[in-house]
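J.: Any chance you can model this:
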Amino acid sequence: QVQLVESGGGLVQAGGSLRLSCAASGSIFSIKTMGWYRQAPGKQRELVATIPSGGSTNYADSVKGRFTISRDNAKNTVYLAMNSLKPEDTAVYYCNVLIFLRDTWETQVYWGQGTQVTVSS
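T.: Sure, this is the predicted structure:
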C-alpha cells in the first residue's frame with residue numbers, strides 16, 4: 001500500500017556533511033509524524049529526530065545543533081541534513097512515517113529500507 005524509498009547515505013570524513021531523503025508513495029491520505037532513527041552495529045535502534053505535521057521538531061541530544069530534519073508535504077518527503085559528522089554517527093539510518101491511509105482509513109507506521117552512513121576518523 002505504501003512504499004518508502006531512502007537515499008543519500010554514504011561514506012564521509014569526520015566533519016563532513018550528508019543529506020538523507022525519504023519519499024513516501026502509495027495509498028496516502030495524509031502523513032502525520034515523520035522521523036529518522038539509526039542503528040549502529042551491536043546497538044539498539046535509537047531515535048534521531050522527528051517532525052510532526054504541525055508543531056516543533058524533536059532531536060536526540062547527541063545530534064542537536066548538527067542535524068536538521070525537514071519535510072516537504074507536497075512531495076511526501078522527509079529530509080535529514082547532517083553536518084559536523086562524527087565517527088559515532090556511523091549507523092544504518094531508517095526513516096519512520098506515520099500515515100493515514102486513503103483506502104482503509106487506518107493509521108499505520110512504515111519504515112524505510114535503511115541507508116548506511118559511515119563516518120571515517
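J.: in this structure, which ranges drop under the pLDDT threshold?
T.: Residues of the chain meeting the criterion pLDDT under 70: none.
J.: Quick check, central residue of this protein?
T.: residue 36 (2.8 Å; CA atoms, centre = their mean).
J.: ok, now how distant is that one from residue 121?
T.: 23 Å (CB to CB, to the nearest Å). From N, CA and C alone the C-beta is placed, and that goes for glycine too.
J.: okay, now the closest residue to residue 15 other than its chain neighbours: neighbour count?
T.: Nearest non-adjacent residue to residue 15, counting by CB to CB, 6 or more residues apart in numbering: residue 84, 6.1 Å away. If you count neighbours by other CB atoms under 10 Å, residue 84 ends up with 13.
J.: Under a three-state scheme, what state does residue 84 occupy?
T.: coil (DSSP: H, G, I helix; E, B strand; the rest coil).
J.: unless I'm mixing things up, it is touching residue 67, no?
T.: No - contact between residue 84 and residue 67 fails when scored by CB atoms under 8 Å: they sit 9.0 Å apart.
J.: in stretch 7-27, what's buried?
T.: 8, 9, 12, 18, 20, 21, 22, 23, 24 (16 or more other CB atoms under 10 Å).
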